[in-house]
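K.L.:
Pasting the sequence and the predicted coordinates here, then a few questions.
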Amino acid sequence: MSHHKINRLPVVLIILLVIAVFALSMSIPITAQDGTFTTNTPASNISQSDATTDDSNVSPAFFATNTPIASSSFAGPSELLFNYGLRFWLEPDFVDLVLEQIQLLENDITDAPLAVNLLLYEMQQRFPDAPASMQQREQMITAMMNAPIGSLDMRSIVRPFIQTVIDDDPSAFSIERNGFVVTLTPTNLDGSGDLDRVVNIFYEDDEGIKYEEYLLATANDDGSFTLLNTNYDLPAVPFAGVNSVSNEFLRDVNADTLDELVLRVDDGNASDRFVILEHRNGNAVDLVDPTLELRVGDIVNWDLNTVSRNAPDLTVLEYQTVTEYPNWQCNQQIEYTWVYERNLYRRTQDLNARFTDVDSLGCDLLNADLFTLPTDEAITLIESSLLEYGFDAPSANRALMTLSMLYVLSGRLDDARNTAQSIITAGDDTTWESSQANALLRATNASGNTALDICEAVAIADEFPACDVNAVIGTYLAFVDLTTDEDLEQQLAEVGLPVLESVITNEIGRAERIVVNFEYFDSGWYAFVANNDGEHRYEPAEAPTGFDEAIFPLALIEAPQSALDALLVDDDSARVLAIFDNILRENPDTPLAPDAIYLQALASEFTGDRDASREFYYTIWETYPDRIWGQIAAQHLELR
């Protein structure tokens, strides 16, 4: 019996050794050739100071299966598409990704803000309450405030923070916290209990206004207030073109005995936008017909002081821009009446109403076509208009600069110089006024320059010059006789109109024509036809065949605004995909830009098509590994 015991011991030892070696091999990560771990496990983002001392909350490293592909190396995929799957996100990982990208925002990276805004949208879709930690939320807000002004939509991050601020001191009418000034104005929104609040959120530093927004909050029985969800899209200032927002009225405007908040929004249009907010069914809603925008240049009538059971009509002048600074500043206007019916403000219109020019210096002189008039007549018109509207009127500087150029054409060089000198912006050579005036002064001081040379110098100085080169060329041509007995190009050169290119054209039913353009900046084409009286007749012409300006197709199709609005405003991923289907059908040979592909990836994932989403993310990463789109696309993938 003893020999059985002697033989059994080595066997047991061998088995235990095998088990130990196997266990050891499973716990040691295999390294790739570049020294990185092939277990696709992320490095911890938790600093030593943040680490908990409670060992029960620490997970072993080898259980971290939700692992992003490291994109900081700017390397494309190392495996085929088949080997990658969509990442299963955990909230802390996504918050870390968003915060990291916000902190990396710089002014010179043009597409980074869009990428980060899409990440913010995605975070709210995946984790509506993220970041769950107030410390993380404040950290993210600080990073946003340090980002380029107006680059990020901060509403989803700021609003929960403001709710917490109000909860901490519900009886206050003004609160300052972390740079924010929160003003709470008592108002009657729901007609029950204590007075509610209109909440103004304001943040400003040395760089300017970083955040401003108005929200509605209803009073609760315990003395607290709840910020209402919104069913309208009104970006906080400054974002998406919104320059400012202000409280126009806070009172009952629709005769329902409750208060409404009327906001005036300056978004860069000729007319501001009115948003009329009311508490309805637990939400803040806009009472304006959602198919239209209530645009207000001036209020003609809104009789809010008359006591009536019916809401007073709102009559406004709506402006639209014809041209704007540094061109002539000219608007047109039309009158609309907005009637409150069926719970919304709806627009009515006189069928005979038309947009008409606003009475202004800019409109008067824009329509005068000054350089086609006799010079003395044009000078008199500008001088009279300046006296009528004043030298401080919009477009007055443009009028003076144009007057200066007309003085040149009439030979009054001293008057031209003095007038140009009067509009130069002191200490700033970059303004339109300074660049135009200095160009004229330099050109008039150069010996041998003609009026056309001076006009050309002014035209070169800015995209919206105070002189029309082609009109001045037309003035020259109107005063010269061009005989058919001599060479046309030589005659033109002798009167100061050297020809750059000329083409003889023959068309059925028309006499032979010589089509030329001149050696002047932005010169158009002119056609010359020999008359029976031995003189050349001229007229403006189209560029001959082969001389048309080339039109090049776009190299890549970027994400259109309609697709961005469908996702970020309407939260409609299916419509995003439909928009891109139409784009690709109409442009089969033009590839999509990375932002467009990323939008496809996001929309595909949110509609449940994970395979398509995975392929889109992979394509971006593979094609643009060193751009932000490739880097965040890589974070959405992990090795199987």
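P.N.:
Done, it's in.
K.L.:
Now do the contacts for the residue sitting nearest the centre point of the chain.
P.N.:
Centre of the chain computed as the mean C-alpha position; nearest residue by Cα atoms, centre = their mean is Ala240, 5.2 Å away. Ala240 sits next to Asp153 when contact means Cβ atoms under 8 Å, 6 or more residues apart in numbering. C-betas here are computed from N, CA, C, even on glycine.
K.L.:
Same check on Ala612?
P.N.:
Taking Cβ under 8 Å, 6+ apart, one finds 600-601, 604 in contact with Ala612.
K.L.:
Now do the strands in the stretch 301-450 of the chain.
P.N.:
Assigned by DSSP state E, counting those that start in this stretch, the strands in the stretch 301-450 of the chain fall at 314-323, 330-341, 344-348, 356-357.
K.L.:
wait, which of these is closest to Gln436?
P.N.:
strand 314-323 (16.1 Å; Cβ to Cβ).
K.L.:
Could you export the closest one as PDB, CA atoms only?
P.N.:
Taking Å, rounded to 0.1, in the frame of the first residue of the first chain, the C-alpha atoms of strand 314-323 are listed here in PDB:
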ATOM      1  CA  LEU A 314     -49.800  93.000 -32.200                       C
ATOM      2  CA  THR A 315     -48.900  95.000 -35.300                       C
ATOM      3  CA  VAL A 316     -45.300  95.200 -36.200                       C
ATOM      4  CA  LEU A 317     -43.000  96.400 -39.000                       C
ATOM      5  CA  GLU A 318     -40.700  93.600 -40.100                       C
ATOM      6  CA  TYR A 319     -37.500  94.600 -41.700                       C
ATOM      7  CA  GLN A 320     -35.300  92.600 -44.200                       C
ATOM      8  CA  THR A 321     -31.800  93.500 -45.200                       C
ATOM      9  CA  VAL A 322     -31.200  94.600 -48.800                       C
ATOM     10  CA  THR A 323     -27.500  95.600 -48.300                       C
END
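K.L.:
Buried residues, that strand. List them.
P.N.:
Of the residues in strand 314-323, 314-319, 322 count as buried by neighbour count, 16 or more other Cβ atoms under 10 Å.
K.L.:
what would these look like in a markdown table with pLDDT?
P.N.:
Conversion of these to a markdown table gives the following (pLDDT from 0 to 100):
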| residue | pLDDT |
| --- | --- |
| Leu314 | 97 |
| Thr315 | 96 |
| Val316 | 96 |
| Leu317 | 96 |
| Glu318 | 96 |
| Tyr319 | 97 |
| Val322 | 96 |
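K.L.:
Rebuild those as a markdown table, extending it with distance to Val98.
P.N.:
Converted to a markdown table, those look like this (distance: Cβ to Cβ, whole Å):
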| residue | distance to Val98 |
| --- | --- |
| Leu314 | 42 |
| Thr315 | 46 |
| Val316 | 41 |
| Leu317 | 44 |
| Glu318 | 40 |
| Tyr319 | 40 |
| Val322 | 43 |
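K.L.:
what's the closest of those residues to Gly297?
P.N.:
When the buried residues of strand 314-323 are compared against Gly297 (criterion: Cβ to Cβ), the nearest one is Tyr319, at 3.7 Å.
K.L.:
Quick check: the closest one vs Asp272, distance?
P.N.:
9 Å (Cβ to Cβ, to the nearest Å).
K.L.:
tell me, what's touching those two both at once?
P.N.:
Taking Cβ under 8 Å, 6+ apart as the contact rule, Tyr319 and Asp272 both touch 295, 297.
K.L.:
how long is stretch 441-458 end to end?
P.N.:
Across stretch 441-458, the terminal residues are separated by 10 Å (Cα to Cα, to the nearest Å).
K.L.:
For it, which outside residues touch it?
P.N.:
Contacts of stretch 441-458 (Cβ under 8 Å, 6+ apart): 405, 408-409, 413, 416-417, 420-421, 436, 439-440, 465-469, 472-473, 476, 496-497, 520-521.
K.L.:
And for stretch 162-180?
P.N.:
134, 138, 141-142, 145, 161, 181-186, 199, 201-203, 205, 211, 215, 217, 223-227.
K.L.:
Just the buried ones from the residues you listed?
P.N.:
Buried members of the contacts of stretch 162-180, scored by 16+ other Cβ under 10 Å, are 138, 141, 145, 161, 182, 184-185, 199, 201-203, 211, 215, 217, 225-227.
K.L.:
Now for the residue nearest to Leu440 when sequence neighbours are not counted, how many residues are close by?
P.N.:
Distances taken as Cβ to Cβ, 6 or more residues apart in numbering place Ala420 nearest to Leu440, at 4.8 Å, with adjacent residues excluded. Using other Cβ atoms under 10 Å, Ala420 is surrounded by 27 other residues.
K.L.:
Equivalent analysis for Glu388, please.
P.N.:
Count around Glu388 with other Cβ under 10 Å applied: 10.
K.L.:
Then Phe173?
P.N.:
11.
K.L.:
and it, what pLDDT?
P.N.:
Looking at Phe173, its pLDDT stands at 98.
K.L.:
how close does the residue nearest to the centre of the chain sit to Asn343?
P.N.:
27 Å.
K.L.:
The contacts of stretch 162-180 in helices, which ones?
P.N.:
134, 138, 141-142, 145, 161 (DSSP state H).
K.L.:
so what's Ile299 up against?
P.N.:
Contacts for Ile299 (Cβ under 8 Å, 6+ apart) come out as 314-316.
K.L.:
Look up the closest residue to Arg295, ignoring the ones flanking it.
P.N.:
Ranked by Cβ to Cβ, 6+ apart and with sequence neighbours excluded, the top spatial neighbour of Arg295 is Ser271, at 3.9 Å.
K.L.:
in the stretch 101-250 of the chain, what spans have low per-residue confidence?
P.N.:
Scanning the stretch 101-250 of the chain for pLDDT under 70 picks out 107-109.
K.L.:
And the strands in it, which stretches?
P.N.:
Per DSSP E, counting those that start in this stretch, the stretch 101-250 of the chain carries strands over the ranges 174-177, 180-187, 196-205, 208-219, 225-227, 229-230, 244-251.
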